[in-house]
Each structure stands twice: as C-alpha cells, then as structure tokens.
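# Return atomic coordinates for the entry below.
(3 chains)
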Amino acid sequence: MTAAPEHAPKMAEVTFRDRIAPHMPVLLVPLIAIAGFIAIQNPSSWLTLTVSGLAMGMMIFIMASGLTLVFGLMDVINFGHGAFVSVGAFVGISVLMLLGHMTEAPSLMLNLGAILLAVIGAMLATGLMGWAFEKVIVEPVYGHHLKQILVTMGGLIVVEQLIIVLWGPEEIYILRPEALKGAITFAGAAIEKYRLVAVGVGLVVFLAMRWVLRRTKIGLIVRAGVENGEMVQALGYRLRLVFVGVFIAGSALAGLGGVMWGLYQEVITAHMGNHAMILIFIVVIIGGLGSVEGCFIGALLVGLLQNYIAFIEPKAALISNIALMVAILMWRPMGMIPVVKAK
Amino acid sequence: MSDAILKLEGVYTNIAQYHILQGVDLEVPRGAVTMLLGRNGVGKTTTLRTVIGHWRAHQGRILFDGEDITKMPTPAIARMGLGFVPEDMGIFADLTVEENMVLAAASGPINSARLDWIFAAFPPLKTFWKSDAGTLSGGQKQMLSIARAMVEERKLYLIDEPTKGLAPAIISTMARALKDLKDQGASVLLVEQNFAVAKALGDSANVMDDGRMIWSGEMQELATDAALQERLMGLSLEAH
Amino acid sequence: MIRSLLSNDLPRSLPLALILGVILICLALAPFLFPGVRTVDTAARICVFIVLVASYDLLLGYGGIVSFAHTMFFGIGAYGVALASTHMGRGFDSIAVGAVAGALLAAILALVIGLFSLRVRAIFFAMITLAVASAVAVLVSQLSGLTGGEDGLTFKTPRELGPAFKFGKEAFDGVLFGVKLNGKLLAYYFIFIGALVLFLAMLRVVNSPFGRVLQAIRENDFRAEAIGYRVVYYRVAATCLSAAVAALAGSLYAVWLRYVGPDTSLSMEIMIDILLMVVIGGMGTMYGAVIGATLFVLAQNYLQNLMGAASELTSGLPLVPELLNADRWLLWLGVLFILSVYFFPTGIVGRLRNNG
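Residues are numbered from 1 along each chain as shown, chains lettered A, B, ... in the order given. Okay, the predicted model is just below:
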C-alpha cells in the first residue's frame, strides 16, 4: 500500500513568457516596425514606408474582414470574395468619373464628398451583389467545402467576365481628387496624403467593427455564432439571417476596400480582385480563420513587411508574404489568434 | 390526459446511416419533472436534440404545447418557450458570463428579479459576472448553462445531464437549483445518470433502451424496485 | 489484356466506351486522319491536357483536395526541360534530366506545402496553394535572366523531333498515306505515347489499395483516421504524386512547343481551364479527364469561332454581341462550370454511366 501523495499546492510564478503569450500577436506589429527601423536606418524613409505599410494593411483588412467573419460564422469559404473588390472598384471609380467637377475642384470638402458618394455607390452595389451571390451561389452548397471552393471560384470568373463586358477589357487609369494628390512633409519624410486618409478610414472601420461586435446584441450573436452556431439557434436566434447580413456587410466592405485600393494603385482592372485575394488569403490564414482581430494584425504585418522589404531588397518583396505566412504557421499552425470551435 | 406540454409519437431519427431513435413515444406532463433514463448510448441525448431540432425526425410527430414542431426550424422552436441545456453545456467561452446571459434572454433585457434568483442559486455567476465564460471551472460552466435556460420563463426546460462529471458539493447546488425550478411549477424534461438526483427530483420516469421507450411510470415506483431497475437498465442504480 | 492495362477499371457504359475508343483512335492516328499543322497541334494539346487533368483529378476527385498550384507544378516540369535543353544542349538526355528534375522539385514543393497546410485543415491547402502559385508566377516573370521573363524561353529539342529530320526515304519514299515522315511526326508520337503511359499509370494508382484509401478519406476522413489510416500522410502522398505527374505533363508540353513561357504553363487561366475540364468531364474518374480535356480543347479552338459568328449575327442588339464576343467564352464556361457543380457533380462520365 502506498501513501497518497501529499497534496501541496504551490503558487507557481507566472513566467514572463506565459504572461506575454496572449499578447504576442499584437506586439508583433511594433516589433516589425522596430526591426524595420533598425534595418532601414533612415528615419524619414522609415516613416514614409511605415505609413504606406499601415495604409496598405488597413486596406487589406477592410477587404479581408468580411471573408474571415463569413468563414467563422458559417464555415463558408468564399473564393469569389475578390469579385466584390473588383466590382466595388469599378462602380466607385465610375461614380467618381461622373463627378469630375467635384473631384477636379481644389476643395477638400468637394473632393471628400465625391469620394463619399463613390464609396456609397460601391458599397450599395457590392452589398446587393453579396446578397445575390449568397442566395444563388453559396446557399446551395452549405456544409460542403469542396463544392464551395469550386462554385465560388466559378462565380469569380463569371463576375470578372461581366465586368469586362460592361466596362471593356482595358485597364482604367484614374486620377485622385485634387486635394488628395501629392504629399505632405512631416519630420523630413514625404507622406502621401491619400495614405493618411486610407489609414484613417481603416482605423475607423476597425473600431466600428469592434464596437458592433463587442457592444451590440447582433455582435454578441455573431461572436457566439462563430463559436457554437447550434447553441445560438437553440437560444432562439435565426443565425441564417444573421449570416446573410454578415455576408452582405462583408461584401460591402470588400467593395469599399476595392474603391480605396483602386485609388491607391491609380489603375483598376477586372482581375484586381483576383490579385487582392492572394493577399487577403495570406492575411486571413495568418490571423486565424474567423478572427477579426487576427485579420487586422495580420493585415498590418503584411503591409509593413512588404513595404520594408521592397525598400531593402525589391526582389525579395514578392516572397516576403509567403515567408511571413510560413513563419507564422510554424509558430501557430492555426494562425495567430486561432478560433476555437465548439465542435 | 391531453395536458402534455411535449409529446413524441413514434419518432425515428437517423444520424448518417445509423438509426438512433426507432419509434420513441414520450409524454411530458405540464408542471412536473419528467426523467429520461437509460444506459449510455440508448438515444436520450438524441431525443432531446430531435426535440430542439438539431437532428431531424425522419418519421413520427413532435407536439409542443399542442403545436406540431417536427419540421420547425430550431430558432422558432426555441422561441416558443423551450429552454435547452445541452450535454456539452454549449457555453460561449469567448463571451463573458454577462454576455452569455444577455444572449440567453432572447426576448429582451434580463428580468432583475429572475437574475437575483439565479444569483442566489448560483453565487459564482455573480462573482464572475464580467469574466470570460471560458475561464470558469467545469461546475461553474454547468451553472451558467442552466442559468441561461432559467433567465427567462420557459414553457419547458430540456436539461441534459446537468451533474455529469461534477464534484458532489456542486451536484447538490445543482440539485437545489433544479428543485427550486420544480417548486415554481416549471415543466422539465431531465436526462440524469445520478440516481439520487433523479429520485429526489423526478415525478415520472421514462426508460429508454436501443432507441425506444421501454418503460414509463412513476419515479417512485422505479426508485423502490431494484429488480425493475436491474431489468430496465442492466444494473441496480442504487449500487452507484 | 485490355482489362489489365486498364487496371480492371472498365468504362462500365457502352456509350462511354465508344466515346473513349473514338478519342483513343483519333489521337493515335491524328497525324494521318487530320493532317494539318493546327489539327495535329490540337491533338498534342489534348494528349498533354489529358495527363494534366487526370493528375489533378487524382487530387480533387479522388483525394477531395482543391489545389490552385497545379499549373505551378506543370510549369516546373516545362521549365525543367527548357532550362536543361538550353544549358546542356539539345538532346534526349537533357529532356530526361529536365523532366526528372522538374518532377522531383514539384514533388518536394508539394510535400512542403502539403505538410504545412494539410496537417491543419484541407481548405488551408486551397488558400495556400493559391498564394504560393501566384508568388511563383510573379517570381518567374521577374527572374528574366534565368527564365526569360514574360517572353519565356525558346529552345531546341533533339534533331529527331524537329520538322527538318526526315526518315523512311528508302522504304516509303518519305511519305506514308500522304503524310510526310518527319521529326514533327515523331514528336507527336513521343507526346502521345508518353501521355498514354502516364495515364495508364495513374489509372493503376487510383485502382490500387492506395487509391481506395484516398477515396475512403474523401468520403469520411474522420472514419478513415479512426480505422487507423494516417489521413495526412495519404493526402500528402497524393499531392506529391499528382504534382510529379503534372510536372511530367509540363515536360511533354515543352517538348512539343519547344518553348515555355508564363502564359503557356503558369498562368491562372490554365488553372481555371483545368478546373473546368475536371468538373465537366467528371470528378473522381480518370475517364472524366479524357472526355473533359478533349471537349474543352476542341471547344477552346472551335467554340470561339462559333461565338464570333453569333456575335456578328446579333450585332444590332444592345449588349448581346458583347456577351457573345469570342473573347468572352470564359464567361459562358464559368456559368457552365457552376451549373455542373450543382447539377452534374459527376460530370459527363457520371451521366453516361448512370444511363448505361
């Protein structure tokens, strides 16, 4: 007979490592910024690059956020998400072109008004399209990943071709509104005005999204639904409706991202959404499928890293995103902020 | 006789190619606690999940408060007044205790008198009101799961093994809360493996085996007849 | 004999057997039945795409895994042959070295991607392959010193496979059934036999115990794992095998074209073509690849003419001519693709087998 081991609880010191682990993803952003600063060694170039990296990150986040939520909520992976980016860009830019008198006027208010109208047009169009896409393309293939990937990819092809039918096969070059052209100089660094606007819009979207998710009942339903949709329904909520709503909102955001991306690149093509999808997927994977915060951090990381590397070694910029993805997946195979499913 | 809040008539449920329920008949009277008993894997959980609509009956009829809910979507069934405590508790770990409760009160803000009653029954929920539900202990999660069902007055509570894997002290907290519920005249369909709890709470009992109901009667009758228990469940529950 | 060549996987439908037979005979005798540069070129493309699509079906139809990197593997094989032929000089040895190196590289790359993504979630694979493939495509067009960039590489294949090489002068006076006996003819048969061997090999693989386990995993990976099969290993192995065969198909294509470039071997358009061919022909059956590839390549060549004509006819109407423009054929294929995934998930082969 052996004696039962003595029960002697100890207050273990929580190590620094354990305490920092949950915040690691957030800390990565300043870490990369610092690493970039050390590598670039030129404060004004660094500032320029950081702002453009953040701007790019914010735009990717806006485009990607809907995709990650749609996946988290209903386990639906939409390979056609890029179509909303393209359509958003084309509709938005068309509106801007119609409003030439407002964009060419050297008045910030008129310029921003034109952009606002363009954004509203783009978001309405992509939101409506999202609703139709969900009904026609996605709904029949719920719960079937393979078919989802195939069918949504097919949807992307069709939409791209329709854009060409409507707007022609040529790429469209655009000019930014007067007040957003050029750069301001700050601490010796030239910072494009438009990038500052993009950072601002991205922050507003992120904070608004966080507020909705944390402070409203719809947000509670969405967050709970990501974790355990069955239970949300057993509490009496029609998750299906909420999902359609999220799909529409996500599509509209992709449309907003499309307008912003188009103005950033100053050229739009029918395939731009397809190209954006690559960055969107990388961001969504490294963030953790289903996590909005992860998506945000991932987007900033991708934006910053790509800009720093492009400055240091232009050829390596192409694979920097892939390298980042590989590194993050080695560290956390499910992404930085893995979403734990109840089942 | 027609005062059953819930009635299952010849319900068959298949999960993939497995025939789990094979003609379940069950009547849950209003204002009483009805026990659903049986060995593991005989279809008790599937019965509850079929009622709430997570699984679909392929055959047969389910009547809730006189209405046919067999083909109704889950949210509609829940909104008719059905509180569900699933076997895995179904806690939203990323949400706080408060947020879990707010969500559970689907028809509006939480009634403060009811909340006081819940806090009295489950004091830890008050302590950890603002904490993430994922950080609660197993027993506290179970309390939250039951509290979510109790936060609004439901016509029927479906509760799946509320004492599973819990320490004895917490089991008695749980039993007291359920007794409270019963004393308020609630209708409850309770799956329970802990026979002491079943005996203390149950008014009537139904025993399942192999996807069918094999015995229905007074809980008292089952509790006092060891031979009957032996025959129905393959073991004497008093031995637990 | 036929039974064992086909690994006991018979067409199981008379119309299907007839169609396959016709395709086989047409491809086997293409230079004689349809003499002409363009038609023989079409036949060679069909041969290559049958192998490419079949290798993709191994992944999609049998393994239930969606990959967007299949053209990347195809391109690796093509560039392998091109680079070897450029740097080692023309010759069958450079073709062999290029093809083997390409297949190995493709398999290794597939192994790495597979281990990274399939371990976690099968859909990761689709997303990651899309990202990697597009990065590689951009990389290839940037590294113009090595790959010729957007222009690609033109290279020389062995003299025996070129039009300047003539044979059979003594026996047939250099002409057989009105067809000139030259290196181009040999090149066609090089492609045809290579494709036939690869196709039969894949038919063997999917009908082997390995293929059966793959199918079991596709049906229910959870149960396959429970029975004791390491799902990840099987999936990764299928990925590697499929990548290697795709690379070999790429090598064949490079030998035929004597040219590689991003547009002929790496582009996303080809990836979409492959998807369409698999789905329209029928997922999960090697014969689907034959029918899908044949139909698609023919349609690509001839449907565009038809659409052009239709566009002319409707030129008075608004928007319709735009929709029928020959360049918009991808639009209609996209629609067809979605409809087939919904309504004919087993494709043409599945249809034929059900009716037969």
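# And the helix ranked longest in chain A, what does it pack against?
Longest helix in chain A by number of residues (criterion: DSSP state H): helix A:43-74. Applying 3 or more Cβ pairs under 8 Å, 6 or more residues apart in numbering or on different chains; DSSP states H and E, we find helix A:43-74 packed against helix A:24-40, helix A:81-98, strand A:189-192, helix A:193-215, helix A:217-234, helix A:239-265, helix A:272-287, helix A:292-312. Bear in mind the C-beta positions are built from the backbone N, C-alpha and C, glycine included.
# Just the buried residues of it, please?
By 16 or more other Cβ atoms under 10 Å in any protein chain shown, the buried positions in helix A:43-74 come out as A:45-74.
# quick one: that helix to helix A:81-98, angle?
Using axes from the mean of the first three to the mean of the last three Cα atoms, to 10 degrees, the direction of helix A:43-74 lies 120 degrees away from that of helix A:81-98.
# could you give the angle of helix A:43-74 to helix A:24-40?
150 degrees.
# Could you check how far stretch C:32-52 is from the centre of its chain?
For stretch C:32-52, the separation from the chain centroid amounts to 13 Å (computed by Cα atoms, centre = their mean, to the nearest Å).
# same check, this time on stretch C:221-230
31 Å.
# Spatially central residue for chain B, please.
residue B:159 (1.4 Å; Cα atoms, centre = their mean).
# what does whichever strand or helix holds that one contact?
Assigned by DSSP states H and E, residue B:159 falls within strand B:156-160. Residues outside strand B:156-160 that contact it (Cβ atoms under 8 Å, 6 or more residues apart in numbering or on different chains) are B:5-6, B:28, B:44-45, B:48, B:51-52, B:64-65, B:81-87, B:146, B:149-150, B:178, B:181, B:186-191.
# Can you give me the buried ones in stretch B:91-103?
Quick answer for stretch B:91-103 (16+ other Cβ under 10 Å): B:91-97, B:99-103.
# For these, work out which two are farthest apart.
Using Cβ to Cβ, those reach their maximum pairwise distance at B:93 and B:102, which is 15.7 Å.
# Any idea how many residues pack against the residue in chain C that chain B sits nearest to?
Chain C approaches chain B most closely through residue C:220 (8.6 Å), counting by Cβ to the nearest Cβ. Residues near residue C:220, counting by other Cβ atoms under 10 Å in any protein chain shown, number 12.
# Phi and psi next, for it.
When read as degrees, to the nearest 10, the backbone of residue C:220 gives phi -160, psi 90.
# if we can go back for a sec, of the buried residues of stretch B:91-103, which is the nearest to residue A:89?
Within those, the smallest distance to residue A:89 is 34.2 Å, found for residue B:94 (Cβ to Cβ).
# Now do the contacts for that closest one.
A:223, A:226-227, A:340, B:132-134 are the contacts of residue B:94 under Cβ under 8 Å, 6+ apart.
# With residue A:235 instead?
Residues in contact with residue A:235 (Cβ under 8 Å, 6+ apart) are B:78, B:84, B:103-104, B:106, B:148.
# Pull the number of nearby residues for the residue in the stretch 201-343 of chain A positioned nearest to chain C.
Relative to chain C, the nearest point of the stretch 201-343 of chain A is residue A:281 (4.2 Å; Cβ to the nearest Cβ). By other Cβ under 10 Å, the residues close to residue A:281 number 26.
# returning to what we had before: and residue C:40, which of the helices and strands packed on helix A:43-74 is closest to it?
Nearest of the helices and strands packed on helix A:43-74 (Cβ to Cβ): helix A:272-287, 33.9 Å.
# longest helix anywhere in chain B?
Max-length helix for chain B by DSSP H is helix B:168-183.
# Next, the angle strand B:156-160 makes with that one.
Counting by the same axes, to 10 degrees, helix B:168-183 lies at 160 degrees to strand B:156-160.
# residues of helix B:168-183 that come out buried?
Neighbour counts over helix B:168-183 (16+ other Cβ under 10 Å) mark B:170-171, B:173-175, B:177-178, B:181-182 as buried.
# chain center to that helix, what's the gap?
Counting by Cα atoms, centre = their mean, helix B:168-183 is centred 13 Å from the centre of its parent chain.
# can you list contacts of that helix?
In contact with helix B:168-183 (Cβ under 8 Å, 6+ apart) are residues B:32-33, B:117, B:121-122, B:139, B:142-143, B:146, B:150, B:157, B:159, B:162-163, B:166, B:188, B:190, B:194, B:197, B:200-201.
# 7 Å - rerun?
Here helix B:168-183 makes contact (Cβ atoms under 7 Å, 6 or more residues apart in numbering or on different chains) with B:33, B:121-122, B:139, B:142, B:146, B:150, B:157, B:162-163, B:166, B:188, B:194, B:197, B:200-201.
# Packing partners of whichever helix or strand comes after that helix?
Of the helices and strands lying after helix B:168-183 in sequence (DSSP H and E), the nearest is strand B:188-191. Where contact means 3 or more Cβ pairs under 7 Å, 6 or more residues apart in numbering or on different chains; DSSP states H and E, strand B:188-191 is packed against strand B:33-37, helix B:44-52, strand B:156-160.
# Downstream of strand B:188-191, the next helix or strand is which one?
Toward the C-terminus, strand B:188-191 is succeeded by helix B:195-201 as the next helix or strand (DSSP H and E).
# same for that next one, what does it pack against?
The contact analysis (3+ Cβ pairs under 7 Å, 6+ apart) places helix B:195-201 against strand B:33-37, helix B:168-183, helix B:219-224.
# that older thread, what angle separates the longest helix of chain B from strand B:33-37?
Note on geometry: by the same axes, to 10 degrees, helix B:168-183 and strand B:33-37 are set 130 degrees apart in direction.
# now could you export just the CA positions of helix B:168-183 as PDB?
This file holds the C-alpha atoms of helix B:168-183, laid out as PDB (Å, rounded to 0.1, in the frame of the first residue of the first chain):
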ATOM      1  CA  PRO B 168     -20.500  16.200  -5.000                       C
ATOM      2  CA  ALA B 169     -20.700  19.600  -3.500                       C
ATOM      3  CA  ILE B 170     -21.600  21.200  -6.800                       C
ATOM      4  CA  ILE B 171     -24.100  18.400  -7.600                       C
ATOM      5  CA  SER B 172     -26.000  19.400  -4.500                       C
ATOM      6  CA  THR B 173     -26.000  23.100  -5.600                       C
ATOM      7  CA  MET B 174     -27.300  22.000  -9.000                       C
ATOM      8  CA  ALA B 175     -30.000  19.700  -7.400                       C
ATOM      9  CA  ARG B 176     -31.100  22.500  -5.200                       C
ATOM     10  CA  ALA B 177     -31.500  24.900  -8.100                       C
ATOM     11  CA  LEU B 178     -33.400  22.300 -10.100                       C
ATOM     12  CA  LYS B 179     -35.600  21.700  -7.100                       C
ATOM     13  CA  ASP B 180     -36.200  25.500  -7.000                       C
ATOM     14  CA  LEU B 181     -37.300  25.400 -10.600                       C
ATOM     15  CA  LYS B 182     -39.600  22.500  -9.900                       C
ATOM     16  CA  ASP B 183     -41.200  24.200  -6.900                       C
END
